[in-house]
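> Pasting a predicted model and its sequence here:
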Amino acid sequence: MILILTHWISVNTLKGLGVEFDGKRLIYKGNKAVITDTGLVFIKGNIFPLSFKKGEGTYLFKGDEIAPVLFNLGVSVFWDYKEKRIFKGKASIKKFIMGKVDSTYRITIKGEYGGKGFKVKVFEDSIVIIGKGLYGKFRKIVGDGRFVNFVDILHTKGETKFVINLGFGAGKSEVFKNKEGINITIYPLKIKKKERIPVIVIDPGHGGKDAGAVANGYKEKDINLKVALKVAKILKKYGYKVILTRDDDSYVPLSTRARIANKSNATLFVSIHCNASRDRDARGFETYFLSESRTSEERAVAILENSAIRYDLGNLKPEDEVGIIVGDLIQTLLLEKSYKLAHYIQDKALEMKLTKDRGLKQAGFYVLKWVSMPSVLIEIGFITNREEAKMLALGKYQMKVAKAIAGGIREFLENEKRR
Ligand SMILES: [Zn+2]
């Protein structure tokens, strides 16, 4: 049942608040409400869900639900999230604006007390602004996802706390205060100029609850990890810095893998996987670089490897997964370098006569899309092929594969140095 609130009755003391809807009455008294019906409340087009709990003719509901309802009815009440009670007050923070400005993201808050009325704390994953005064308009604002995920707006008597939850692409931030209020500029996350020692991120595909492909008694996640650890060891011996997105059997979301790479100013990103096919005879080594999938087969592999996103975003259909990954973030230079890196690794695998050479492929992999450095995804072999699966599980063969990957990476980096 939907209740339409028609008008506010009276609010002289907080001891008895009430609203009237459809000729019925809701009285708020202490922590209890006596009402004649339950449901959602619509005010000026916004939905305010009220969770009523029935008990002996009275209904209980939370103050942080009723406070915005009352506020939107024109009553100057707020919810104190610390003391957990409704209090009367007057909104004095006049404006909250956020949005993209050129390549940055800008947040502007204006209030009666000007810039002096605001305190800012910058944390790893959030920016917290505490302002003198109260802001009445929203409790939560959704951001663009890249710079800002969302903003929580919380009140105590006389103070408003804006908690800005940063997105995957948020970098450094700058704070300016002026007479009117505060301006915060969030810059895009950037990789610094090349470090002297290359930093290589090795990403063992899947892990934890996400097993990847499972066939012939083997799990892809286990083989990926073993090969990745060997690749890391060899690369370190070559003198490179190596970062693993996971070094045990834990689940790491795809967005976190990309964030690890972006935050560490990595030079290269290499994701290691095993392939799977309905065709039990399919076998071979192939290297992908990010692009739109050209063939239906390439598309199928992308869907397979992106499926971990299901754990991050809820249940999505394969069609949706492709929708998420195909974007316009690829820069030509990165694409060119990724192609070259893929080329060096694939050539090395061929040179070492590992298995069938399936060549270079292109597809839209989520992890590759969001990293801001040359990146490839390697399918080292087919877990669905009985013989190849057995090989992939052997430490000796894993070492051979690792040598091919590490060797390809080294040749690529040596070649880049000469340019
Ligand atoms: Zn995989």
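Sure, I can see it. Numbering: from 1, shown residues only.
> Now the spatially most central residue of the chain: closest residue in space that isn't a chain neighbour?
With distances taken as CA atoms, centre = their mean, Ser255 lies nearest the centre of the chain, 5.0 Å away. Once flanking residues are discounted, Ser255 sits nearest to Phe168: 5.5 Å by CB to CB, 6 or more residues apart in numbering. C-beta here means a position set from N, CA and C on the backbone, and glycine is covered the same way.
> residue in the protein nearest to the ion?
Nearest residue of the chain to the ion: His273, at 3.4 Å (CB to the ion).
> how many other residues sit next to that residue?
If you count neighbours by other CB atoms under 10 Å, His273 ends up with 28.
> what do you get for Glu83?
11.
> cool, and Arg280?
12.
> SS state for it?
Put simply, Arg280 is coil when judged by DSSP: H, G, I helix; E, B strand; the rest coil.
> ok, it touching Glu388?
No - using CB atoms under 8 Å, Arg280 is not in contact with Glu388; the gap is 10.1 Å.
> what are the ranges of the strands in the stretch 101-250 of the chain?
104-111, 118-122, 126-132, 140-142, 148-156, 159-166, 170-177, 181-188, 199-204, 214-215, 218-219, 241-244 (DSSP state E, counting those that start in this stretch).
> ranking those by mean pLDDT, which is last?
When the strands of the stretch 101-250 of the chain are ranked by mean pLDDT, strand 140-142 comes last with a mean of 85.
> ok, the residue of the chain closest to the ion touching Glu220?
Yes - assessed by CB under 8 Å, His273 is found in contact with Glu220 at 6.7 Å.
> Please identify every residue contacting each of these two.
Shared contacts of His273 and Glu220 (CB atoms under 8 Å, 6 or more residues apart in numbering): Gly205, His206, Gly212.
> So which residues of the stretch 301-419 of the chain form helices?
Counting by DSSP state H, counting those that start in this stretch, the segments of the stretch 301-419 of the chain that form helices are 309-313, 318-325, 332-351, 366-369, 386-392, 395-418.
> Which of those comes out lowest on mean pLDDT?
Averaging pLDDT over each of these puts helix 318-325 lowest, since it has a mean of 36.
> one step back: for the residue nearest to Ser255, give its distance to Ala266.
Using CB to CB, to the nearest Å, Phe168 is found at 15 Å from Ala266.
> Likewise for Val175?
29 Å.
> likewise Lys90?
51 Å.
> do the same with Gln362
Distance from Gln362 to Ala266, by CB to CB: 21 Å.
> okay, the two: which has more neighbours?
Ala266 (25 against 19).
> State the helix or strand in which the more buried one lies.
Under DSSP states H and E, no helix or strand contains Ala266.
> Could you do Ser255 as well?
helix 254-263.
> the inter-axis angle of that helix versus strand 199-204?
170 degrees (axes from the mean of the first three to the mean of the last three CA atoms, to 10 degrees).
> and the stretch 151-300 of the chain, which of its residues are near the ion?
Contact residues, the stretch 151-300 of the chain versus the ion (CB under 5 Å from the ion): Gly205, Gly212, His273.
> go again using 6 Å as the cut-off
Counting by CB under 6 Å from the ion, the positions of the stretch 151-300 of the chain adjacent to the ion are Gly205, His206, Gly212, Glu220, His273.
> Now list the buried members of the residues you listed.
Gly205, His206, Gly212, Glu220, His273 (16 or more other CB atoms under 10 Å).
> How is Lys95 assigned, secondary-structure-wise?
Strictly by three-state DSSP, Lys95 counts as strand.
> List the contacts of the nearest residue in space to Tyr397 that is not next to it in sequence.
By the measure of CB to CB, 6+ apart, the closest residue to Tyr397 outside its immediate chain neighbours is Met391, 4.7 Å from it. Applying CB under 8 Å, 6+ apart, we find Met391 in contact with Thr355, Gly381, Tyr397.
> What about the residues you listed, which one has the most neighbours?
Most surrounded of these: other CB under 10 Å gives Gly381, at 29 neighbours.
> How much space separates it from Arg358?
On the measure of CB to CB, Gly381 and Arg358 end up 10 Å apart.
> try Val231
For Val231, the distance to Arg358 - CB to CB - is 19 Å.
> who has more neighbours, these two?
Val231 (28 against 19).
> how many other residues sit next to the closest residue to Lys116 other than its chain neighbours?
Counting by CB to CB, 6+ apart, Lys177 is the residue found nearest to Lys116 once chain neighbours are left out, at 7.0 Å. Residues within reach of Lys177, counting by other CB under 10 Å, total 15.
> just checking, Lys177 touches Tyr113?
No - proximity of Lys177 to Tyr113 does not meet the contact threshold set by CB under 8 Å, at 10.7 Å.
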